[in-house]
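Engineer: Sequence and computational prediction follow.
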Amino acid sequence: MTSPRCPGPDAERSRRRATVASAERELSLLPRQEATDDGKGTTSAHAASWADLVGQLALSPDLEVRECPICSHIGLRAVTICAYCCKKLTAPAGLDGAVG
């Protein structure tokens, strides 16, 4: 379940992140070129434009979420109290060295 407080991962943003990662892989495979006399763009110019576009998109990483073991609502992974049922949760494994 999701709640208005924590709707879970955004599928559209996740898809944009995957598309950006794929395009960056393809761009990294292009040979590096120097500027030419005819004024055509270079690979480094394309890379700079791409980096600017990605920066404008501001695609932060997906929030880490988990299901509450008590009420089954989705909440942030790092929380120690469910925002829906207010029950105490154990910290998930691997979060600041905590085991749970």
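Structural biologist: Structure's in. What do you need?
Engineer: any idea where the helices of this protein begin and end?
Structural biologist: 11-29, 43-57 (DSSP state H).
Engineer: lowest-confidence helix or strand of the chain?
Structural biologist: Lowest by mean pLDDT, DSSP states H and E among the helices and strands of the chain is helix 43-57, with a mean of 84.
Engineer: contacts for it?
Structural biologist: With contacts defined as Cβ atoms under 8 Å, 6 or more residues apart in numbering, helix 43-57 is touched by 16, 20, 23-24, 27, 30-33. C-beta: built from backbone N, CA, C; applies to glycine.
Engineer: pretty sure residue 81 contacts residue 87?
Structural biologist: Yes: counting by Cβ atoms under 8 Å, residue 87 is a contact partner of residue 81 at 7.1 Å.
Engineer: Okay, residue 82 and residue 67: tell me how far apart.
Structural biologist: Applying Cβ to Cβ, to the nearest Å, the value for residue 82 to residue 67 is 10 Å.
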